[in-house]
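Enquirer: Predicted model, plus sequence, below.
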Amino acid sequence: MNPSVISAPDHPFAGTHPELQTTVRVKELSERDRRRMLMHFLALADSDRLLRFGTMLPDELITRYVQKLDFARDTVFGVYDNNLRLIGVGHLGFAPRDTLPTGADITAKERVAEFGLSVSESARGMGVGTKLFERAAIHCRNADVDTLYMHCLSSNRTMIRIARKAGMQIRRSYGEADAYLKLLPANVSSVMLEAVQEQVAQFDYAYKANNRAAIKWLNNYLPGFK
């Protein structure tokens with residue numbers, strides 16, 4: 001049975017909502033974020049774990065997955081809410097092109113990037129997944145990777161929708177879907193865009209952390225403060 005190829009819209013990210021996305025700040029995560037990443041994944045329902053990992057991973061295996069994340073090898077992005085809870089996580093893993101079934105036919109580069117994401121139920125419909133994907137695509141360009149790959153279940157409507165908006169080529173087979181996006185080479189604009197986005201996200205995180213600490217202090221010294 002041959003996989004079917006589904007055409008996507010010509011305009012990347014068509015139909016998104018800028019008024020929602022402007023408030024979504026995507027921050028590159030590091031070792032200090034590992035605990036909150038674990039909390040994010042453990043809070044996912046079984047159905048969401050199935051969509052994210054392709055199987056309903058138990059808590060033990062999710063814990064092992066987070067513990068083994070190598071921030072020096074892969075890149076992980078996250079979106080924090082005002083309470084410093086991770087409401088979205090995007091994992092960008094880099095691998096040799098021959099790890100993909102059709103890697104040699106897709107790119108001449110040595111590496112490809114695979115992207116997986118999860119969004120908390122309370123944060124869906126706000127453009128979090130799309131913003132994580134956009135940030136991952138920019139990072140790939142600047143890392144000299146020209147092929148971004150996503151693998152998911154065909155029932156994962158969120159990932160399929162993001163892939164279609166991005167103009168990815170989607171191939172379905174046996175209940176699963178593979179999506180590929182060819183990326184433009186890096187340029188001054190892409191490098192500057194990623195740098196500015198990260199600076200803004202870091203500032204946003206610091207503001208939320210300071211605001212949370214101030215409220216906590218006021219609650220300790222002014223019990224009636226809301």
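Expert: Arrived safely, thanks for sending. Numbers count the residues shown, from 1 in each chain.
Enquirer: And the strands in this protein, which stretches?
Expert: 4-6, 27-28, 75-80, 86-96, 111-119, 147-153, 169-173, 176-182 (DSSP state E).
Enquirer: lowest confidence element among the helices and strands of the protein?
Expert: Least confident helix or strand, the chain: strand 4-6 with a mean of 33, by mean pLDDT, DSSP states H and E.
Enquirer: circling back: turn the strands of the chain into JSON lines, including distance to residue 216 and mean neighbour count.
Expert: Where C-beta positions appear, they are placed from N, C-alpha and C, glycine not excepted. Shown next, in JSON lines, are these (distance: least, CB to CB, whole Å; neighbours: other CB atoms under 10 Å):
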{"stretch": "strand 4-6", "distance to residue 216": "49", "mean neighbour count": "12"}
{"stretch": "strand 27-28", "distance to residue 216": "21", "mean neighbour count": "20"}
{"stretch": "strand 75-80", "distance to residue 216": "16", "mean neighbour count": "23"}
{"stretch": "strand 86-96", "distance to residue 216": "19", "mean neighbour count": "20"}
{"stretch": "strand 111-119", "distance to residue 216": "27", "mean neighbour count": "22"}
{"stretch": "strand 147-153", "distance to residue 216": "39", "mean neighbour count": "21"}
{"stretch": "strand 169-173", "distance to residue 216": "46", "mean neighbour count": "16"}
{"stretch": "strand 176-182", "distance to residue 216": "42", "mean neighbour count": "19"}
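Enquirer: Which one of these has the poorest average confidence?
Expert: Here the lowest mean pLDDT among these goes to strand 4-6, at a mean of 33.
Enquirer: Off-centre distance for stretch 192-208?
Expert: Between the centre of stretch 192-208 and the centre of its chain there are 16 Å (CA atoms, centre = their mean, to the nearest Å).
Enquirer: Ignore what I typed, I meant stretch 143-161.
Expert: 10 Å.
Enquirer: Stretch 33-47 now?
Expert: The answer for stretch 33-47 is 14 Å, by CA atoms, centre = their mean.
Enquirer: Stretch 88-104 too?
Expert: On CA atoms, centre = their mean, the centre of stretch 88-104 falls 14 Å from the chain's centre.
Enquirer: circling back: looking at the strands of the chain, which is nearest to residue 220?
Expert: Residue 220 lies closest to strand 75-80 among these, at 22.9 Å (CB to CB).
Enquirer: Check which helices and strands that closest one sits against.
Expert: strand 27-28, helix 34-42, strand 86-96, helix 128-142, helix 188-221 (3 or more CB pairs under 8 Å, 6 or more residues apart in numbering; DSSP states H and E).
Enquirer: tell me the angle that strand makes with strand 86-96.
Expert: 170 degrees (axes from the mean of the first three to the mean of the last three CA atoms, to 10 degrees).
Enquirer: who touches strand 75-80?
Expert: Residues outside strand 75-80 that contact it (CB atoms under 8 Å, 6 or more residues apart in numbering) are 24-29, 33, 36-37, 40, 69, 86-92, 94, 123, 128, 131-132, 135-136, 139, 204-205, 208.
Enquirer: same thing but 7 Å
Expert: Outside strand 75-80, the residues that touch it by CB atoms under 7 Å, 6 or more residues apart in numbering are 24-29, 33, 69, 86-92, 128, 132, 135-136, 139, 205, 208.
Enquirer: Tell me which strands that strand pairs with, and in which orientation.
Expert: strand 27-28 (antiparallel), strand 86-96 (antiparallel) (DSSP bridges).
Enquirer: got CSV for these, with distance to residue 78 too?
Expert: Shown next, in CSV, are the strands paired with strand 75-80 (distance: least, CB to CB, whole Å):
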stretch, distance to residue 78
strand 27-28, 6
strand 86-96, 5
